[in-house]
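Visitor: have a look at this prediction, sequence included:
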Amino acid sequence: MSLDNRPQYSGGCQCGAVRFRVEGALGEASVCHCRMCQKASGNFYLPLVSVREAKLTWTRGEPKRFRSSSHAYRGFCADCGTPLTYEAPDGVALTIGAFDDPTGIAPVIQWGTEAKLPYVDAIPGLPGEDTMADIAEAPFLADLVSYQHPDHDTEEWPPAARPGRKP
Ligand SMILES: [Zn+2]
Ligand SMILES: [Zn+2]
């Protein structure tokens, strides 16, 4: 919460070149299974939350936008590729996973179900392991250092003396 008691949220892309702040109540949270959202996210479906009624500010950088149809743009970080926005004539929605704390932003509806991939509903029933359960097969996990932006705003980014992108 901010000083005036309006809810406030922050988030951004994985590399930290693009950061946002949302002031005010979030709108409807959803997942979209449509083929366009699959392609735009490179994923099975796209989780989005509307910020149409709130105040969205780009606090560092701004997304590059791809016009994905005659009516919509898809915003993403031009440096690291993280999908960030869906922008239509009726307002902007942000990708839920890009928020610093997505845990409270629960989807309440599914869209585009005509394109839902046939195995998506079976995923919760698959065997599950935590990340470190794979340590024998992937020993590099033991001393892994994340180069992703942390889940909070930073004064300066990236830190000095950090290796750059893979050439
Ligand atoms: Zn980025
Ligand atoms: Zn869609």
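Guide: Noted; the coordinates are in hand. Ligands and ions are numbered 1, 2, ... in the order given.

Visitor: so how far is the first residue of stretch 39-56 from its last?
Guide: Taking Cα to Cα, to the nearest Å, the first and last residues of stretch 39-56 lie 25 Å apart.

Visitor: mind listing what's buried in it?
Guide: A40, S41, Y45, L46, P47, L48, V49, S50, V51, A54, L56 (16 or more other Cβ atoms under 10 Å). Using the backbone N, CA and C atoms, a C-beta is placed for each residue, glycine as well.

Visitor: what lies in contact with that stretch?
Guide: 20-33, 37-38, 66, 68, 74, 83, 86, 90-97, 99, 105, 107, 110, 112, 116-117, 120 (Cβ atoms under 8 Å, 6 or more residues apart in numbering).

Visitor: and for stretch 127-141?
Guide: By Cβ under 8 Å, 6+ apart, stretch 127-141 touches A142.

Visitor: which parts of stretch 145-160 are buried?
Guide: In stretch 145-160, counting by 16+ other Cβ under 10 Å, buried: H149, D153, W157.

Visitor: what do you get for stretch 14-23?
Guide: Quick answer for stretch 14-23 (16+ other Cβ under 10 Å): Q14, C15, G16, A17, V18, R19, F20, R21, V22.
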